[in-house]
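Enquirer: how does the following fold in three dimensions:
(one chain, ligands or ions: 1)
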Amino acid sequence: MERLQKVIAHAGIASRRKAEEMIIEGRVKVNGKVVNELGVKVGANDKVEIDGVPLSKEEPVYYMLYKPRGVISAVTDDKNRKVVTDFFPHVKERIYPIGRLDYDTSGLLLLTNDGEFANLLMHPKFEIDKVYVAKVKGIVNRYKLKELEKGVVLSDGKTAPAKAKIISTDNRKDTTIVELTIHEGRNRQVRRMFEAIGHEVVKLKRERYGFLHLGNLRPGDAREIGPHEVKRLRALATSKDSRIIF
Ligand code: URA
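Expert: Numbering: from 1, shown residues only. Below you'll find the model as predicted:
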């Protein structure tokens with residue numbers, strides 16, 4: 001079940017805010033009855049009409065973007081900063097990001113207009129492995145790596161077991177590049193995990209999402225995700241073991 005305004009927005013009719021207005025104005029019917037209050041939820045079998053016209057769902061589309069740094073993982077920004085959907089000027093469907101990468105984080109981000117798919121991939125129970133490459137201040141030793149792997153205590157609880165390996169160290173600049181694989185998706189999780197072991201992240205990039213990787217995309221490039229990949233992502237999310245199969 002999804003909120004009525006979300007269903008209308010995802011059908012490509014209007015933004016969520018505009019959909020709320022349409023509901024309040026009494027223009028929306030569910031199963032033949034006007035619904036003019038917010039908070040109503042509808043399921044796949046409910047018949048939604050706007051101004052008497054049945055809602056037909058947009059064709060689902062799926063993309064991946066190599067999000068550059070300095071871009072917001074959203075569809076609009078009240079401060080007029082660049083948002084991830086700015087990279088899809090030719091896509092007419094109302095796509096939105098599945099989860100988010102911080103403003104300063106670059107890397108692989110999925111976008112879709114398929115709400116059910118987005119919810120599936122973001123559900124904590126089904127979280128898929130994501131591989132990050134972090135450049136951090138200081139030289140990370142193997143005890144610290146072990147701490148990351150076993151789980152560190154953050155303000156919102158201990159992190160789940162992870163995988164961490166050192167890619168390179170630069171003694172002159174006093175930095176380390178670490179690859180960290182996690183399957184949770186908490187807010188600023190990677191940055192906070194490194195903070196917890198005393199190494200500040202100076203650069204962060206998401207390289208992989210499940211079996212998907214950036215390949216030869218460059219920052220700002222996007223490509224469509226094919227039906228086979230979508231099917232594999234669904235299978236990965238719903239399988240008991242969603243760890244990466246490289
Ligand atoms: N972890 C972070 O700290 N930032 C991101 O953007 C993604 C994961």
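Enquirer: how is the protein carved up into domains?
Expert: Using automatic domain parsing, the domain ranges for the chain come out as 2-54, 62-125+219-238, 130-209.
Enquirer: so can I have CSV of those domains showing mean pLDDT and mean neighbour count?
Expert: Bear in mind the C-beta positions are built from the backbone N, C-alpha and C, glycine included. Shown next, in CSV, are the domains of the chain (pLDDT from 0 to 100; neighbours: other C-beta atoms under 10 Å):
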stretch, mean pLDDT, mean neighbour count
domain 2-54, 89, 15
domain 62-125+219-238, 93, 17
domain 130-209, 97, 16
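Enquirer: and those domains as TSV, adding distance to the ligand?
Expert: Formatted as TSV, these follow (distance: least, C-beta to the nearest ligand atom, whole Å):
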stretch	distance to the ligand
domain 2-54	23
domain 62-125+219-238	3
domain 130-209	3
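Enquirer: dig out what Ser133 forms beta bridges with.
Expert: Not quite, residue 133 is Val, not Ser. Note on Val133: beta-bridge partners by DSSP bridges are Glu179, Lys205.
Enquirer: all helices of this protein, in order?
Expert: Ranges of helices within the chain are 4-10, 16-24, 115-122, 142-150, 189-196, 227-238, based on DSSP state H.
Enquirer: figure out how far the first one is from the centre of its chain.
Expert: In other words, helix 4-10. 19 Å (C-alpha atoms, centre = their mean, to the nearest Å).
Enquirer: just the longest one next, same as before
Expert: Centroid displacement of helix 227-238 relative to its chain, using C-alpha atoms, centre = their mean, is 15 Å.
Enquirer: from the rest of the structure, what touches that helix?
Expert: Residues from elsewhere that reach helix 227-238 (C-beta atoms under 8 Å, 6 or more residues apart in numbering): Tyr62, Phe117, Leu120, Leu121, His123, Phe126, Ile128, Gly210, Phe211, Leu212, Ile225, Ser242.
Enquirer: report the inter-axis angle for it versus helix 115-122.
Expert: The directions of helix 227-238 and helix 115-122 differ by 50 degrees, with axes from the mean of the first three to the mean of the last three C-alpha atoms, to 10 degrees as the criterion.
Enquirer: dump helix 227-238 to CSV, restricted to CA.
Expert: Provided in CSV are the C-alpha atoms of helix 227-238 (Å, rounded to 0.1, in the frame of the first residue of the first chain):
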residue,chain,number,x,y,z
PRO,A,227,15.6,-6.0,-18.2
HIS,A,228,18.0,-8.8,-17.5
GLU,A,229,19.9,-6.6,-15.0
VAL,A,230,16.6,-5.5,-13.4
LYS,A,231,15.6,-9.1,-13.0
ARG,A,232,19.0,-9.9,-11.4
LEU,A,233,18.7,-7.0,-9.0
ARG,A,234,15.2,-8.1,-7.9
ALA,A,235,16.5,-11.7,-7.4
LEU,A,236,19.5,-10.4,-5.5
ALA,A,237,17.4,-8.3,-3.2
THR,A,238,14.9,-11.1,-2.4
